[in-house]
Every structure is written in structure tokens, then in C-alpha cells.
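Visitor: structure for the following, please:
(chains A, B and C)
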Amino acid sequence: MQGSMSKDVMTTLVVSAALIWALPLMVSTYTLTILIIYGMLGLSLGLIWGFGGIICFGQAAYFGLGAYTYAIAAINFGESTIPMLLAVIVPAIFAALLGLMMFYGRLTDVYLGVITLVVMLILFKFINSTAGPQYVIGNARLGGYNGIPGFQTLNVPGDPSAYIWGDAYFYVCAVMLALVFILVSALLRSSFGRIAVGIRENETRMSLMGYDIRARKTILFSIGAAIAGLAGALFANWSEIVTPSLFSLRQSAEIIIWCIVGGFSNRVGPIFGAAGLAYIKILLGQQSMVDNTLIMGIILVVFVLFLPKGLVPAVAELWNISFGRRKRGASRSGRRVRNRGKANG
Amino acid sequence: MDLSAVIFIEILYAVASLIMISAGLAVVFGMMKVINLAHGEFMMMGGYTTITAVNLGVNVFVAMLIIAPLIVGLIGLVVERLVIRHLYGRLIDTMLATWGLSLFFIGIVTMIFGNTTTGISTPIPGFTVGNYQINGYNFFIILVAIALVILLYAVLKGTRAGLIARGTMQRPDMAASLGYSPDRIYMATFFCGSALSGLAGAVLAPLVGLVPTSGAAYIAKAFITVIAGGPSLIAGLVSSSTVFGIISQTFSFAVSPVMGEVALLVAAVVLLRLLPQGVTGKFFKGKL
Amino acid sequence: MAEIVLETQGLTMRFGGVVAANNVDFTLHARELRCLIGPNGAGKSTFFKCVTGLQTPTEGQVFMRGEETTQWMSHEIASLGVGIKTQNPNVLDSLSVFENIWLAARRFHTPIEANRKSQEIIERLALSSIARADLGQLAHGERQRVELGLVAVGDPWLVLLDEPAAGMSAEDVERMTEIIHELNKSAAIVIVEHDMQFIRSIAENVTVFHQGSVLMEDHVDLVMADQTVRNVYLGKKA
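Guide: Numbers count the residues shown, from 1 in each chain, chains lettered A, B, ... in the order given. Sure, this is the predicted structure:
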């Protein structure tokens, strides 16, 4: 926590540069792009749940909102720069309003879970029912369950005819993820981030210290939604169509599974969890022996039962034990789990 | 006149089906403070059990009211022993694990029955009131729901097992020190809860085309109804089902069925904002 | 007479039919040290919760330095410069002693100033040897002491403590007494307490609660000698 920020930035840049160079040698950039986008989505939930203790079962709502905002705005503006910005801002504002309602109503854990889930379902139901021609925003028809196809994809800012696609789009997404990661790191290092962790640990104590936990949770929730919205916009560009399934229960379940598998309370866990599982899913999709959903289900159950901290912390711990660098590591993360249980209960 | 009678029956039916959908989840949550997110899949499996049994030549009512609850109850028992019992007291972790189970069951059922819609026809014919057609089966569901509530109440209030269960619900440690093993009580409770889910899925099966992902349609409603109901099991179940049933059915009539669903969800958000502990956190305190 | 820092007028708290605090008038002057005593269920803790914003009283008003805070939430009251410690050690278990105190200091200071301030408090409370340890690993007495550090680091002018000596060893209690006296040099203090020995060692003035109301308010020796108070503590009818 006390290490220097510049070292953190350097490490991030070096590691991501290495990955951006090495990964395309093994996997197609088209596949990598979606893995990166899912990584960003995982990071958004990891930030609010892992560090902020905000139980959100409906993170897909902001992903879908970002994607739809981008698609609708891109059709209306015929270029991509303003739509990209809107795709970050609209989910953030939406989440801030929802957060105001939830956190100022002193709702906690399971109730947060219900409300976030329900809000996502409302969006899902609403978008699904907009097939009729009367549902238009500007020039964009919402299209109901068919979704919105055929919008302007990412272009060089200022030149709507210079599309960014293929390998170039992969690099854009990779750089975006690295930037978001650095911003999240900076946020967690800042007073705001440290206070957020304090709130996760003990809300009463933090408010007795004089912190307004309602406002801080709302802001953090909104930041998480902004990141999910950006991921949604990048997804829209990648798939070139947005459909209501972005808001679905299954999408939300997957985000949570990624974070559980990677590990909630660290920055890289959700990213690798998301990318890794999404890749496994793509590989599994090519066979028809065992149902995909079944495997995802087993993975989730097994991790909750046997590795509730997730893979990344477990590997880090193993590393620490084998190479003797015991800097409070083992006992500390051991208690993390207990705390998680307590916070949940 | 005819119209208002029809509307009244439809609202009653909406309330009854919410009670059916939520009862299994409510029992498990009320007694064990466990949210079973695989509840929808338990219902879905109740439906598949019924259809399979009927296709094998079993009487439809026997299949719905006896076989489906038994089979799903047994599945619940296995799930409790293998997974849930390791997670007692960790609310969020149980939700996540049962969410995993729900995906698992969707996968298994897809592999067995395929990703196609199946169904059985309603065993009770419809009739007309004036110009309006009424589904006779709706009456059956209303009756089953009423019977279910009365049965729940009678068991919890009137029997020794119910007394032990209520004791465990209030103070598991006390019940344990009196010699009742919470482990076995939880096991029995989860069996009953799963059986109720199976029953609900079976009874509702003739009304819907069944696919392996059908559970998703139920779980959100059940989850919302139970949480909004609050700490009292039966009072919470009935009161929140009534509120949501009336709201959703009214909007269905006034606007459209989709708006009815949306209105239900919005009502849930508003309700929880106003009563963060659920309806029975504020009213009917201390009732069953 | 010194400035009044805490005052309640007709403070009443009802839970359903039960009146936990009944029409309590209470006044505390600057740099005063007052103990609230009384048998279990006398209303001390309810009074404490109403004053600290953890609960909102059904009736009556609370004033701090003349400002009405009746409807305020805990964080608003704390932001005035009021240090609060609840009954059980209420700390951030997975964070270190330094991080705990830093978070409390950060509320009133810049990050760098908060670093300095935290160091200072850690030395003052003799916590240096465990500054890097996580709170979850510490003994009960140490956790209580850290929580006093969280209170002290904000330089409060009013300190509200709920049973600070509960479950502590004699040695810990002695240390706690010193810290409280030190705090009292700049702040008025209210302590809710059971332990009569501890009260005798720190307080001069005592307010006795009984059945939700203030039974008596006087010097500790006079209170102890009073027959009614003795009866209340022994469970006889007052």
C-alpha cells in the first residue's frame, strides 16, 4: 500500500506491453479483443465489490447501458467520439442516481443484491419489449429482442470515415484496459480508495470517524458503472450489434464467476478470471459433448467451496510460501476470508 | 360486472401463483437464512419430472402433487449435503454457490432433454363468464396456494416438528443446546423447501412451455417476494405476494403484460427503499 | 461558568411500548469529565446512542456547543470534532494499527499531515511496537487502546466513550485512565461505565440513570454514599 505509484505504473506498462506483444502470437486478435473487454468488465465489479464491499448482482446493467448508449448515439451522430464519452457518462449517472436511492436508504448486502438485480431485470424487460416502431431515440430504433445492428463503429476522432478495426482495434482496447487499470490503481492508492476499503471493513466505525459513507459508496458505485459502460461500448464496437442479452441474468452471473475465480480483493484477479474463463468458454463452445453452462456452474460451486479467495491470491500465497517472502501474506489473507464471511452475514 | 369478476379472479390467481413460486424459497430463507438461487431450477425440474411421469402413463395429479415434490426434494437433499451445509452463516457465499448450482442444473437438463420446449396440456377445462373466457386451471392453482398456506401454518404452529423448527429459526444455538441437531433440522428444512419448489414447478408446468432455462423467469420474482416479505415466514409470504400480485395484475390489465412485470419490479425497489427490512420487518412483527 | 458543550432537553426514546430513555435533561461543560452509571437497562446506552446519532430520539433535543444535532447522523456529529467510541472494540480488523489511525486522522488533515499526526498518536499511546500489525491479531486491551487512538487523533473537544474499560486487565485499565486524563486536558468527556472502581479512579461528577431517567447527579463520593443509589444497584425498589 505504501509503495510508490510510479513503480506501479511502470510495472503495469511493462507487463501490458509484453502481453500485447506476446498474446497475438498465440491467440487471434479478434478473440483477444473480447477477452480484454471482459477483463475490463470484471475489473469494474472487482473494484466496487472487492474493494468497496458493494454487493452488486446486476453489473451487466451498466455494461448493457454503455453498449446501448454507444449504439444509439453512434447512429445519431454518425461518428464515434461523442458516443464513446456518452457510453461512460450515461451508466455513471444512472448508477449515481440508483446509488443515491440505495445508499441513502441505508440498504446493505443482500438488499443491495436484490435491488441491483431487479434494476437490471427492469432494463432487460423494457429493452426486450421495444420491438415496435414507436420506440425510437433520434434516428435509432431500439429494436426489442432483435437489438440494434448497423451503427457507426469506432473511428479516428475527427474523421468518421477512418474506421479502427481488426488488429488496430485490439491495440486500442488493450491500451484502454491498461489505462483503466492504472487509474484504478491510482484510485485505490489515493485517500478515497483507502477510505473505501475502510468502509468495506467497518461502516459504523468509518461514520463515527466522520466519513459520509453514503456519498462515498455512491461515488464508487458510479465509477464502477463508468468502467462497465466503457467495456460495454468497446463490446458494441467489437460485436457490431447490441442485444438485450447484454442485460441478462446469465451475463451478470458470469461477471461474478470471473471475479470469484480470479479473486475479488485484488486488481488483477478479476481481469485474469474474466479473460481466462471467457477463453475456456470459447474453447468449450467448439465441442458439444458437455454443456457449457454446466461447466461454468461446477466452476462456480467448486471455487466458492474450496477457493473462496480466488486463484490469484492463492497463487500469490503459494509463491510467498515457496520463496520465503512472508510479508504478512499468509495470515493476512487468511483473515480476509473470515472478514468476507462476516461482512456477508 | 362480468369484467370485474374476471379481474378479481385474475388478481387472485396472480397472488396465488406468486405464493406458489415463492413458498419453497421462503421456507428455506425464513428457517435457514439461506437464499437458494437454484430455486428456479428446482421448479423447472419439478416441471420436467411431471412431464416425464405423465408421458410414462402416470395420472397427472399424482405426478404433480406427489412425484414431483418427492423427486425434487431428494435432489435438494443431495445438494444440501454436498454443498449448502458447508456454507451456513455465509449468506452471500451460499447465494453464489447456489447460483452455480442453477447453471449446473440448466446444463444437465439441457443435456438430457435438449434445448427444446416441452409441455403438457391443462388437465382442467376452461369456462366462460359472460363474454370472458376463464382458465379453469387458475382456480386449481388458487386452491393449491390456499391449501399450501394453511398446511404451512398448521405444521409450524401445530406440530412438534414445527415447534422445533421455529425454535431453531429463532435461536439455533439454543435449539442445539436443548439436544436438537441443527444440522438435521436444516437438512429436513431444505428437503421441505425443495419439495415445495418442485410442487410449484409441477403445478405451474401446464401453463408454460418448459425449457431448461425456465427457472430464470421464476427466481427473480421469488427472490424479490421473499426479501420484500421480511423476517416472518407466512405473514411475509402472503403480504408481499398480495402487494405484488395486485400491482402487477393491475398494470397488466391497464397497460400491457410487460408493464405488469416492470411494475412489479419497480414496486419491489420502492418497497425495499421504504421498508428496508421487508414488510414484516415493520408490520405483523413476531408473527409466523 | 465554562461553555456548555453538550446538552439534551427532554430526550426520550421509545421502542414500541418500552420507554428506554425518559425525558432526560443533561448538561456538560467544557473540559468536564462525567460518568454515566446505572444498572443494566437503565437507559445509559440508549442515551449514548441518541447523542452520537446512532439512533434518533423519539422526542427531545440534543445540542452540541449550542448547535442542535438531534436529527444528525453519526458522521455529521463526528465531523464537528466529537470523538466517539462504541461499546465493543469497533475497529477495521484487516488493516494495520497505523492504517486505522491514519484513516481517522485523514478526516481532519491532509494526507501528509495525517501521516505525521498518526505517528504522534501511536507514540503517545505506546503503540509503536505493534504499529504494523493488523488489528485482527491484537489482544482485546490493545484493540481498545487503538480505538482510543482513533478518537484522540481528531483533536476532539468532546469525547463520548461507551464502556472503555470493559473486559480489560488491571494494567490496561491503568493505561486507559492515563490516556483519558490526557484527553481531558483539551476535551470534555462522557463515559458510560459499569466498573465502580474505574469510575472512582477517573471521575468527579457522576450521573446515575435508573429506569430511563436521571436519578441523581453529583460528586462521585456523595453518589456512592447515597442510600437510594445503593438500593438501585442492589436491585431494591427505589
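Visitor: from here on, just use CA atoms for contacts and neighbour counts.
Guide: OK.
Visitor: just the pLDDT for the residue in chain C that chain B sits nearest to.
Guide: In chain C, the residue that lies nearest chain B is C:Gly16 (11.0 Å; Cα to the nearest Cα). Predicted confidence (pLDDT) for C:Gly16: 78.
Visitor: got any ranges where chain C has weak pLDDT?
Guide: Flagging of chain C using pLDDT under 70 yields the residue ranges C:1, C:234-238.
Visitor: what ranges does it have for its strands?
Guide: Taking DSSP state E as the criterion, chain C carries its strands at C:4-15, C:18-29, C:33-37, C:59-64, C:67-68, C:82-85, C:158-162, C:188-192, C:205-210, C:213-219.
Visitor: same check, this time on the stretch 51-200 of chain B
Guide: For the stretch 51-200 of chain B, applying DSSP state E, counting those that start in this stretch gives strands covering B:127-129, B:132-134.
Visitor: and the last one, what other elements does it pack with?
Guide: On a contact count with 3 or more Cα pairs under 8 Å, 6 or more residues apart in numbering or on different chains; DSSP states H and E, strand B:132-134 meets helix B:2-32, strand B:127-129.
Visitor: in it, what's buried?
Guide: For strand B:132-134, a neighbour-count test (16 or more other Cα atoms under 10 Å in any protein chain shown) marks B:Ile134 as buried.
Visitor: which bits of the stretch 1-150 of chain A sit near chain B?
Guide: A:101-102, A:105-107, A:110-111, A:114-115, A:118-119, A:121-122, A:125-126, A:129 (Cα under 8 Å from any Cα of the partner chain).
Visitor: that older thread, okay, the strands of the stretch 51-200 of chain B in CSV with mean pLDDT and distance to A:Met289 next?
Guide: Below are the strands of the stretch 51-200 of chain B laid out as CSV (pLDDT from 0 to 100; distance: least, Cα to Cα, whole Å):
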stretch, mean pLDDT, distance to A:Met289
strand B:127-129, 72, 47
strand B:132-134, 74, 45
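Visitor: circling back to that earlier point, okay, the helices and strands packed on strand B:132-134, which one's buried deepest?
Guide: Mean neighbours per residue, mean count of other Cα atoms under 10 Å in any protein chain shown, is largest over the helices and strands packed on strand B:132-134 for helix B:2-32, with a mean of 23.
Visitor: roughly how far out does it sit from the chain middle?
Guide: Here helix B:2-32 is found 9 Å from its chain centre; the criterion is Cα atoms, centre = their mean, to the nearest Å.
Visitor: what packs against that helix?
Guide: strand B:132-134, helix B:136-158, helix B:160-170, helix B:182-204, helix B:215-229, helix B:233-254.
Visitor: ok, 10 Å please
Guide: Counting contacts by 3 or more Cα pairs under 10 Å, 6 or more residues apart in numbering or on different chains; DSSP states H and E, helix B:2-32 packs against helix B:39-55, strand B:127-129, strand B:132-134, helix B:136-158, helix B:160-170, helix B:182-204, helix B:215-229, helix B:233-254.
Visitor: tell me the mean pLDDT for that helix?
Guide: For helix B:2-32, mean pLDDT rounds to 89.
Visitor: quick one, it and helix B:39-55 angle?
Guide: Going by axes from the mean of the first three to the mean of the last three Cα atoms, to 10 degrees, helix B:2-32 is angled at 110 degrees with respect to helix B:39-55.
Visitor: output the longest strand belonging to chain A.
Guide: Counting residues, the longest strand found in chain A (DSSP E) is strand A:159-163.
Visitor: can you name the element that comes right after it?
Guide: Once the chain leaves strand A:159-163, the next helix or strand it forms, by DSSP states H and E, is helix A:167-189.
Visitor: residues of the following helix or strand past that next one that come out buried?
Guide: Later in the chain than helix A:167-189, the nearest helix or strand by DSSP H and E is helix A:191-201. Within helix A:191-201, the residues that count as buried by 16+ other Cα under 10 Å are A:Ser191, A:Gly193, A:Arg194, A:Ile195, A:Ala196, A:Val197, A:Gly198, A:Ile199, A:Arg200, A:Glu201.
Visitor: do I have it right that A:Trp238 meets A:Thr33?
Guide: Yes - under the criterion of Cα atoms under 10 Å, A:Trp238 makes contact with A:Thr33 at 7.6 Å.
Visitor: and which of the residues of the stretch 1-150 of chain A next to chain B is nearest to chain C?
Guide: Within the residues of the stretch 1-150 of chain A next to chain B, proximity to chain C (Cα to the nearest Cα) peaks at A:Arg106, which comes in at 11.9 Å.
Visitor: on that earlier part again, for A:Phe303, which of the helices and strands packed on helix B:2-32 is the nearest?
Guide: The stretch from these with the least distance to A:Phe303 (Cα to Cα) is helix B:39-55; that distance is 20.3 Å.
Visitor: so for that closest one, mean pLDDT?
Guide: Taken as a whole, helix B:39-55 carries a mean pLDDT of 95.
Visitor: and if you look at stretch B:221-236?
Guide: The average of the pLDDT scores along stretch B:221-236 is 88.
Visitor: just the endpoints, please. Distance across that stretch?
Guide: Stretch B:221-236 stretches 14 Å from its first residue to its last (Cα to Cα, to the nearest Å).
Visitor: buried residues of that stretch, list them for me.
Guide: B:221-236.
Visitor: likewise for stretch C:175-187?
Guide: Buried residues in stretch C:175-187 (16+ other Cα under 10 Å): C:Met176, C:Thr177, C:Ile179, C:Ile180, C:Leu183, C:Asn184, C:Ala187.
Visitor: before we move on, the earlier item: what is in contact with A:Trp238 and A:Thr33 at once?
Guide: Jointly contacting A:Trp238 and A:Thr33 under the rule Cα atoms under 10 Å, 6 or more residues apart in numbering or on different chains are A:Gly166, A:Tyr169, A:Phe170, A:Cys173.
Visitor: test my guess that the second one contacts A:Phe235.
Guide: No - if you go by Cα under 10 Å, A:Tyr169 and A:Phe235 don't touch, sitting 11.1 Å apart.
Visitor: show me what contacts the residue minimising distance to the centre of chain C?
Guide: For chain C, the residue lying nearest the average C-alpha position, counting by Cα atoms, centre = their mean, turns out to be C:Leu161 (1.4 Å). The contact partners of C:Leu161, taken as Cα under 10 Å, 6+ apart, are C:35, C:48, C:83-87, C:148, C:151, C:180, C:189-193.
Visitor: now for the residues of the stretch 1-150 of chain A next to chain B: which two are most distant?
Guide: Every pair of the residues of the stretch 1-150 of chain A next to chain B checked by Cα to Cα; the farthest is A:Arg106 and A:Ser129, at 32.4 Å.
Visitor: one step back: sitting in helices, which of the residues of the stretch 1-150 of chain A next to chain B do you find?
Guide: Among those, the ones falling in helices (DSSP state H) are A:Met101, A:Met102, A:Val110, A:Tyr111, A:Val114, A:Ile115, A:Val118, A:Val119, A:Leu121, A:Ile122, A:Lys125, A:Phe126.
Visitor: report how many residues lie close to C:Gly154.
Guide: Residues lying near C:Gly154 (other Cα atoms under 10 Å in any protein chain shown) number 25.
Visitor: next, it: phi, psi?
Guide: With angles defined as degrees, to the nearest 10, C:Gly154 sits at phi -90, psi 10.
Visitor: for A:Gln286, see how far away it is.
Guide: Separation of C:Gly154 from A:Gln286 (Cα to Cα) stands at 61 Å.
Visitor: same question, B:Phe139
Guide: Separation of B:Phe139 from A:Gln286 (Cα to Cα): 47 Å.
Visitor: could you do A:Val312 as well?
Guide: 27 Å.
Visitor: which one's more surrounded, these two?
Guide: Neighbours of A:Val312 and A:Gln286, each counted by other Cα under 10 Å, are more numerous for A:Val312; the result is 21 against 9.
Visitor: how about the contacts made by whichever residue of chain C sits closest to chain A?
Guide: In chain C, no residue comes nearer to chain A than C:His75, which is 3.9 Å away by Cα to the nearest Cα. C:His75 makes contacts with A:204-213, C:52-54, C:82, as judged by Cα under 10 Å, 6+ apart.
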